[in-house]
Structures are given as C-alpha cells and as structure tokens.
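**Q** Here is a sequence with its predicted model. Questions after.
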Amino acid sequence: MIKTRKLTKVYTTEEVETTALNKVDFEVREKEFVSIMGPSGCGKSTLLNLLGLLDNPSDGEYFFLDTEVSGYSERQRSNLRKHNIGFVFQSFNLIDELTVFENVELPLLYQKVGARERKERVEAALEKMQIMHRRNHFPQQLSGGQQQRVAVARAVVGEPKIILADEPTGNLDSRHGEEVMDMLSDLNEQGTTIVMVTHSPAYAEYGNRVVHLFDGQVVTENMGGRFHV
Amino acid sequence: MIKLTDIEKYYENKFIKTWVLRQINLEIEEGEFLTIMGPSGAGKSTLLHILGMLDEPSGGEYQFDGQEVTRLKEKDRTRLHQHHIGFIFQAYHLIDELTVFENLETPLLYKKVRAPERKSLVADMLDRFNIVAKKDLFPHQLSGGQQQLVAVARALIIRPRMILADEPTGNLNSKQGFEIMDLLKQLNQEGTTIVQVTHDEKKAGYGKRIIHLLDGWMEKEEAGK
Amino acid sequence: MFQNYFKIALRNLMKNRVYSVVNILSLVIGLVCGMLIIVYVLDEISYDRFHDRAGRIYRLGRKTETAEQVVLEPLSCAPAARALMTDFPDIENAVRIRNTGNIAVRYGDKMFYEKHVAYADAPVFDVFTFPMIEGDPGTALTRPYSAVITEDMASKYFGIENPVGKILRFNNQHDYMVTGVMQNVPDNSHFEFDMLCSMETLAAQKDPDLDNWLSFGYFTYVLLKENAAPEDIQKKLPAFVRHYIGDDFKVQGKSIHFFLHPLLKIQLYSHLEGYPPGRIVQVCFLSMFALCIILAGCMNFMNLAVARSVNRNREVGIRKVIGANRKQLMVQFTAEAVILSLISMVVAMILVKWFLPAFSTVVRQQLTLDFTARPELLLYFIGLSLIVGIVSGSYPAFYLSRVHPADILKGRFTAGARKVRLRNALVLFQFFTSAVFIIQASVFGIQLEHLRDIDPGFDKNNVLVVPVSEENIRQSMDVFKKELRKEAGVTCVAATSTLPGWYIPREMKIPQGYTAEQMQIMDDINVDHGFIPAMGIEIIAGRNFSEDITTDPEQSVIINETAAQKFGWEQPVGKTIQYSTGSGQFATGTVCGVVRDFHLASLYRVIEPLFISNHAGRFNYLLVRFQPENVEETMDRIRHRWLARYPDHPFEYSFLDDSYDYYFQVVEKVMHIFSYFIFLTIFIACLGIFALAAYNAERRVKEIGIRKVLGAPSLHLVLMLNREIMLLVCIAMAAAVAFFQIPFLNPSTVMPYFTDFKPVVYLKSTLIVILMALVTISYQSIRAAAMNPVDSIRIE
C-alpha cells in the first residue's frame, strides 16, 4: 500500500545541512502493523511526516496506493491526506476549545459529510473507543489516556486507509499506555493498517513488524510481534 | 549537599489533578554522578527542574546545603541557582540571536561580572572546548554536537557546583553523544556534581548511581557500571 | 550590559521585519504628532518673550458692562498713559501705540500702501526690546514727523542706501523723516508693525483724541517697577476711572473698568472682543489630540509586542535558567522599546520637517524647525521619544518577564484570558475613535458643501473692492463714483464703511420703546445709497436710501428683519432708534426701510440685528460691480480713472468673493488637515488590528496546524481566525453611531446652520471602516492559512 524508494530528506538552515533521512526504502502492506524504532534524532518523526504527506521529500519517491506523490502540491496532499490518513500524536493535539464530540467531528466537517451522517459516525467512533459518556466534555477535563482515546476516535472516524501514530503512548503512564496499544491492536485486527513510531521495545512488539532506524537509515528489520520471545 | 523529602508535584487544570511526582525522597552528595531514568511521562524532567529551582514542588521539602529552598523568595532562589547550578538541555536552548561568544557571556552578565574579567573567562572556555574559531558564529550555523558543546560551556562558565543535564545527548548522533558523556565524566572527576536524565541505558551507565522513576514514583535504585 | 540588549534588540528587529516596520510606524505617527505640537507650543509660549522687561509689561484694557453683556477690549484712551505715570509711582513708564489705517507711502518713484504703520510714544524703545540697526533709540521718536522703519521696509524703499535722514511722504500730505532702522519684528510677537511714527506728530496735528478720555482708539502699555505688584495697581484703577471719566459713559448705559493684562499672556489668553482670540484653546485642543495619537501608537506597540511575545518566551525561559532575575529582564525589554523609539524619532524628525509648512498654515503661525535658534527643541524631542519608549515597553516588559521557565521548557504556555480582554478593549477603543472621526469628517464635508450653497443674501461675485483711507479721496468720492458709473463694464458703484465678511463693529442703540437702561447691541455699518442695490439685497419694507432725499444721511436708518423681529415691530418703518455719536451724545434716526436678512459677517455667525446708517464721508471701501465679460478691459479702465484722479495714490484692489470666502478657505484647509488626522487614527487603528490578528495567528498556530492536518480548507481558516476581530469592529461602529445620537455630543444641536446627520453618512462610514479592517486582517490570516502544518505541529 505504501512504498518509498530512496526517500531522502535534507534540512538546510543557512550554513548547515542536516540529512534526516538518507535514501530510505520502506514498504507497508495492507493490514500490516509496523513499528518504527530508533534513538532520538534518527529520523523516525521525519519519516512519519513524509509518510503522512505533511511534508515533501528532498529526493526519492513515495508511492501511496501506487501513485507517486512526492511532488504533490499542498492542496493535493491535503486532499489525499483528508480521505486516506488518520493521525495520532504523542501530545494528542486536540483542540481545547471544542468538546470531545466536536473534536471527533472535525475531519468529517472538512470532508463535507452531512449532519446526520456525521452524528452517526462520530457516535460510532466514540463508542468504539469507549469514550461516548464524555462526549460533551472538554479535553482539559479528561485524563491523558482518555484524551488519547478521543484522538484515536478522531483518527478513525474518517475511515482512513492507514493510521500513522507518533509515540502514541509517550505522554501516558504505563496503564493507559497499554490501553491505547490494545485499542490500536484491535483496530489492526479489524483491518486497519497502522504505522507507529515508538521508543519502547515493549510497545513495538504489538506490531507484526519492527523497523529500526539509525542516523537516517534503515538498519534492521525483524518480524516482531507477540510471537517474539 | 541536596536533600529531597517527600517531594510531590501535580498540575491542577480546572477539573482534574494530574500527579507528576509522588513522595520522592532523595539525597545527593557533593561530587556524585546520578542518573535518573524512566519512561516518558514518568516525571524525570520535572524532578530535574525542581532540583534546579526552576519549578516549585507542590509538597515536600528541598534542602540545598542545609537551607530550605522552597520558602525562599524568587530573587534569592535565582541567586542561589545562578551561582551553583548549571543546566544542559536536550534541545541545547542557546539564544539564537546571539553569537557563540555572546551566549557564553550572558550568564556572566547576569552575575554582574566586569567586562575584562568576562572576556577572559569566555576566552578560557572557548579554548578549553576548542571552539575559538566559532566564537562569532550563530547557533544555527553550528552542527548539533557543536551547539551542545557551547551549551555545556555556557553551563560551566559560572563554575557551578552542580550540573543538571536533561537528555543531553538526545539530539545528537552516536559519536557526538559519547563525546559529551566523556566530557561530563571528566567534569565529575574534577569534582562537579552531575545529575542527568536519560532514556539511554548506555549513557545511564556513566553515572555511579541510577534511580528509576515510574509514573511519578521512585521505583528502584541501582549502581552504575 | 546595554551592548547585549542593544544587539539583541537590533537583531530581533531585523528578524521580524514586517512587525518591526509596523511598530516603528505606530511610534513614528505618535512622535510626529507630538513633535509638531511641541514646536507649536514652544512657539506660542515664546511670544513676546524676547523683550528684556517682558515680565513687567502690562497692557491696559477696558471692560464695558451693559445690561446685556460684558465686553473686554484691549483699548484705552490717549490721556490715560500720562495720568497713570503721574498717579502711580509703581509705574515706571507708559507707551501708547495707535494703529493707522492704510497709508500710501512714497519715496521717489516707489509708492505702496502700508497696512502696518503705527504711532508710538518715544519711550517705546525703553519699554520694549526692538533693537535698532541705525539711529539712536533715545531720540528717534521724540520729534514730530519722525519715523523708524524696519529692515524690510528699508530695503523695500531705499535699497542699500542708508534711510536715516531721508523723507517719506505719507498719503501725499505729510513728510516724515526716517530717524532710525529697527530689526524686523520677530514672528513670535503680537506686534506687527513695519513703521513706527512719533506720537508727537499727532500732538503737532492737534489731534483732539489726545486729550479725550472718552475716545478709545489707543493701546497703552505700562512698565511696572521691579517688584511692583500689578494687583496693587489694579485695586486703585476703579478710583482712577471714576476720577477722570466719571459717569460720562453711564449715559450710554455702559459701565467702564480698566484692567491690566500681562504682556506675556496676551498671545495665549486674551479673549477680547473683535481681536484674534487667545490661542490657549487651540493649544490645549491640539495637545490633547497629539496625546491621544501618541497613546494610540503606544498601545499598538504594546499589543503587537505582547502578541509576538510567544516567540520570545523561549528566550526568556532560557535567560531565567542561566540566571536572569525579573528586573533584569524588564530592563532588557524596556530598553528594546526605547531603542525602537529612538529609531522612530529619527524618522519622525524627517517627517516633521516635511509637514511643518502645512501644519503652520493650519495653526496660523510661522513654524520652523530650527535647532540652532532653539537647541532645546532637540532635547524635548529626545525626551519625548524616551518617554514614549518607556511607556510602550513597560507593559510588554512586565508581561514577558513573568514567564515561568519550567513551563516554557516543557512547552506549556499560559495564555491568560484576562489579557485577551484588555487587548480587545484597546482595539475596540481605537476603532471607536476612528469611526467617530470618520463620521464627523463626513458630516463636516457635507456641511462644507452645504455652506458653499447657502445664499449669503447678497451677490458677492464680480465685485471689486478698493480701499479708500485718505481724507482727500473720501471728500471727492461722490464725484469719482459718478465718473465710474459711466464706464463701460461697470454696473454699479457703492461705498461702505465695513467690508462684508470681515470684522463688523457692534454698538449699543436705544430703539423706540426701550429705555436707556435697556440698550440693545446691534451690528453697525455705514453705506451710501448705492450699496443695497449694488449688493442685490432685497428690501422688504420701506425704501432704500436715496440720493434725492437730502435728509437721509442725517436722519434715515435701515434695519434688517432680525432687528424688526427682535424689537417686536410689525410696522418698522417710521420707528426711531437712538444711537451714540461718540462723545456721549445721542442722535435719533428714523427707520426708512427694512432689508431681508443677509450674512454680513461670515456664514458661521448667526445673523444679528443690523443698523445701517447713511452718513456722508465715512466710507472705507469702494465697491464696484462689473460685468463678467471683458473683465480685463474694465479693470484697465477703472485703474485709468483712478490714476487720472489720484495720481499720487496706488490703485490697490481685491475681489469681494475672495475676501468673503477667506474664512471659508481657512475652514477648508482645516478640514483638509483634519482629514489627515482621520487617516492617521484609522491607520493606527488598523495597525492595532494587525497586531491583534498577529496575536490570534500566533496563539492558534497549533490549532491551525491540527485543522490543516485534518483537511481544513484555507478559506475556512481565514474566516475562523478573524471572526472575533470583525465582531469587535462591528461593535465599535455601533457604538460610534450611538455616540452621535446623544444630543449633547451631536454638533448639529450645538452649532447653528449645521445639517443633521443622515443615515447615508453612517452607512458610508461603516463600510469604509469595515473595509479597512478586512484589508488589514487579510495579510495575517492568509499567511497563517498558507502555513505548512509540519511547522506548527512539531512532530519531534
């Protein structure tokens, strides 16, 4: 479903050039759950940004659903993103001034879904994430784990083809972290493709493949998963 | 030198109380090299900030050199940490609008050191870290490793008794990371107390003592390698 | 330490160029206004200060009380000066000055009308400081028929020759010897003469007014001894008046008092009838206005600085970590503001130099930016800039230094809701004032148009005005008029004592049915029989003065509608009015006609009861109505006629519509400048919104990023960001409209002839304001909406 070939991203600031990603070849098939690991500064976030069409690569190719998208304009990327990709962030990134319901509703608004259908889909997503009982509360009134659940609900409400998660458990304590990982796992079992970036080897194993990045390059790849000892 | 008794920290946000640190009891001797570890959100940075007097605990006592810090006025606290504590951050936190020289100079300005003395102290530091050639460059013109070097230099220039380092190698590649750790080790051997926060097992090993935090609690303590 | 701050301040400026420019602009506008006002006020205050003894000089004034009103005039009678000197030991010296009318002055073949000639007592050079270039101040004006002229006059008549000892011929009648040349009277003096002639001349001519305690045509200035108190003299003045004047004025229903007015206060504080009013009102008004604009500029700076502070938070956090305490941080940010302010000062000075001429016209003062003459000006400017800098920087400094380092390092920001409300209030206020000004200006504009169309009640076009000041011309006026009438192109010829559109004398009269204690004040002019028809004024009852009726000049009087209404006369013709003949006597005039009201004075004055007399020989102006075709030829013929009859008198003339419109033009100019001010307030308000929009964009960067990631279209983001601001603007507009509904504040209820505000005015103004707001906001919002979401979400 996703394929990158020699994907490269270089950041230039005035005098210094930093190569964040160095000719990365990366592939994700449908229904996979891939974890990307690596130390800080190794380029995992950059990779995720590029995969999520939030940024354009400096070099190389990116095939999203068999279409080469590395040269897309902002508007094209926005469109593609809107309909195909769901995001979950480490710091949740909910909008504080909106209620839980309104937060989850947002992607549908931008996809111009009608009011009645919106309501149905939002409520379904909230139910799935077991946060329906808090739908009129504001993010500040929820715990970290609950906020992340809302974020996941928001990510899936648009029925995306792939979910990109950046350290989804990073701001959560161990108990909530496990809850979120379980949720993601369930989603994956139900057929959603997931690419996740993480620090923690324990959480990485929820996926069925682990990719290690180091200094901007893929170092090893192994079949992780709960089958691993 | 430092004694923390039942230190607690929480954030109150209109409706909910989020606990970050719970009943931390810790003693740090002068000249130690302490590592604080734990997963994200465990409260490591918060503990470091409290140690550095940048943040106030919600409960408990913090004694520095036998003096109760939490009850001091902001002015006095600033003076304390101005003279005794140096900080190093993962993101370097240099001032972008100042050159290397000026960045190094700034802590001395706040301590009201006179110009000739300032210049010589900065010159010494540039020498010691071998960055004399870079003294008129701006942070964004340096590589990550060099910036961290400057940050360390800045922390050292006031000759602090203690250095607090928050993931100092987090944004560096492996080689640069180890260089910085070696430097810290050397400083510790010369007598500076070092408290660092890190994820990385290998870096943690530089310290003589490692404490683990989990969900705000101190889980265990062990010796370093 | 300052070096460090200076460097950071400059580098920050360069980094955020757009915002720096906006900030500098806000401050520049405020500083320019402030500087202009400083120059102006310094000038006003400096009036007459150059006299060495200025502090001891006082002008004698006359206060006239009648049943109806109290009138203050700077006038005194001739004999008062000497009497004061003998009766009051505290008075060291006294000088009388008497202005003359136009005088035709001639030397050789150079002949001009001079308007600024005055008679003065010899001690004038002792009392006042008028340095003489040639001649001896002690003796220059001791003899009759002596004159001291200014440098400009000297070069005008004598070129490079030394004028002393030469003869100037006045009105072809008298020869005056030039006994001295004095420096030109400086601009900042209420004196305006070009030539001073000796008062002794009038004595030699046996002028009866010199001994007349009842004739008030002189200015008297007294010099008090050192340490003498004016109050002491003031207390004794009533007795003085009673002694010399007694009850002579009581006959006219007037009660006379003298008072002393300090020389140094004349320019600012004199509120005297018929003379340019004291400027203090203008000074206060302009100062307040400048203050408002300066404050607005400072507020903008504050808003913008706080809005941008999000960017500086990290730096503040770091500085606190490495040892800065709060005070040091406050000093740093205040210093940045001061540096910015000083930069703005330089730009402002350039602009001030550019605007000064236009500004001078508005305040009717000659203003120059001369640092050599007034070095303290530079000090004031620097002082102003420093204050502006400190004031502007204070709030941002306070706000920024409160950052909690731990919060910043964790990425946690505290956006206080309270501060947002303050910022909103400021912007609201700025827009409110802009809206008020726009509405006011539109109304003034309409008003001006309206006034332009008001019928003054007479035809002011195509009328030539020729001043006639000399006796011999006046004597032969009738003959000359007859000759003129015969000229082709001349329609009518008339003569009048007072020019329509200029200062109208007012006198007390006793109309029939009123007693001596119930005197009525009326406008008073004297015209010939040709005036009313020449001006096209309509007679609605009775008749005009007639050449054929010989009793008219002595006995007949014409009044206007307002007079008839005021006195309650349904049949005005035949009623009598008693008027003063100047020496305590009264004569009686009979009303022979009533004219329709016309605007004798400018259009801004309500029409007062008018008394028109027909006395022979007291005309100051000749009015010639000419046909609009072939004007040049007609003018030539008239000039020819004039020079044929009066070869020794230059032919000077003006047009009635020009002089009548003079005030109108001044008002127009004021309007013009006012519109600049309006533009300024709007501009500042827009800058204010710019700041608010900037703040909004910064504060919601993360939210914008999230929404973009989720697929929001840019337009939606733009609308969302600015909803708040547009709401504020609408509220401000509504408030402005409401403002003008309060009768007290609505000029149309206060000023006469003011048109009421029509809804279309409000509509247009609203549209303008909203448009400006939109344009300002769009820059910010478009930029925000086009941002790359990665930059704002920071996946690290």
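**A** Everything's here; your move.
**Q** Identify all contacting residues around the lengthiest helix in chain A.
**A** Secondary structure of chain A per DSSP state H: the longest helix is helix A:174-189. Helix A:174-189 is contacted from outside by A:31, A:33, A:129, A:143-145, A:148-149, A:152, A:156, A:163, A:165, A:168-169, A:172, A:194, A:196, A:203, A:206-207, B:39, B:214-215, using CB atoms under 8 Å, 6 or more residues apart in numbering or on different chains. The way it works is simple: take the backbone N, C-alpha and C, and place the C-beta from them, glycine included.
**Q** Beta-bridge partners for the residue nearest in space to the middle of chain B, please?
**A** The residue lying closest to the centre of chain B (CA atoms, centre = their mean) is B:L164, at 2.0 Å. Beta bridges link B:L164 to B:F87, B:V195 when assigned by DSSP bridges.
**Q** per-domain residue ranges of chain C.
**A** According to automatic domain parsing, chain C comprises the domains C:2-43+C:280-450+C:663-688+C:735-770, C:75-226, C:471-648.
**Q** Pipe the ones you listed into JSON lines and attach distance to chain A and mean neighbour count per row.
**A** Formatted as JSON lines, those follow (distance: least, CB to the nearest CB, whole Å; neighbours: other CB atoms under 10 Å in any protein chain shown):
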{"stretch": "domain C:2-43+C:280-450+C:663-688+C:735-770", "distance to chain A": "8", "mean neighbour count": "18"}
{"stretch": "domain C:75-226", "distance to chain A": "57", "mean neighbour count": "18"}
{"stretch": "domain C:471-648", "distance to chain A": "56", "mean neighbour count": "17"}
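**Q** And the buried ones among the contacts of helix A:174-189, selectable in ChimeraX?
**A** Remark: buried members of the contacts of helix A:174-189, expressed as a ChimeraX selection using 16 or more other CB atoms under 10 Å in any protein chain shown:
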select /A:33,129,144,145,148,149,152,156,163,165,168,169,172,194,196,203,206,207 /B:39,214,215
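**Q** Using a markdown table, lay out the domains of chain C together with mean pLDDT and distance to A:P57.
**A** Output for the domains of chain C, formatted as a markdown table (pLDDT from 0 to 100; distance: least, CB to CB, whole Å):
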| stretch | mean pLDDT | distance to A:P57 |
| --- | --- | --- |
| domain C:2-43+C:280-450+C:663-688+C:735-770 | 76 | 27 |
| domain C:75-226 | 87 | 73 |
| domain C:471-648 | 85 | 74 |
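**Q** which one of the ones you listed lies closest to C:I725?
**A** Judged by CB to CB, the one of the domains of chain C that comes nearest to C:I725 is domain C:2-43+C:280-450+C:663-688+C:735-770, at 7.4 Å.
**Q** Helices along the stretch 251-400 of chain C, start to end?
**A** For the stretch 251-400 of chain C, applying DSSP state H, counting those that start in this stretch gives helices covering C:263-269, C:280-321, C:326-363, C:376-400.
**Q** Could you do chain B as well?
**A** Listed in chain order, the helices found in chain B under DSSP H are B:44-51, B:74-84, B:100-110, B:115-128, B:144-156, B:174-189, B:201-204.
**Q** Quick check: pLDDT value at whatever residue of the stretch 601-750 of chain C ends up closest to chain A.
**A** For the stretch 601-750 of chain C and chain A, the shortest gap (CB to the nearest CB) falls at C:G711, measuring 3.2 Å. Predicted confidence (pLDDT) for C:G711: 71.
**Q** How about the one 5 residues further on?
**A** Reading off the confidence values, C:H716 has pLDDT 74.
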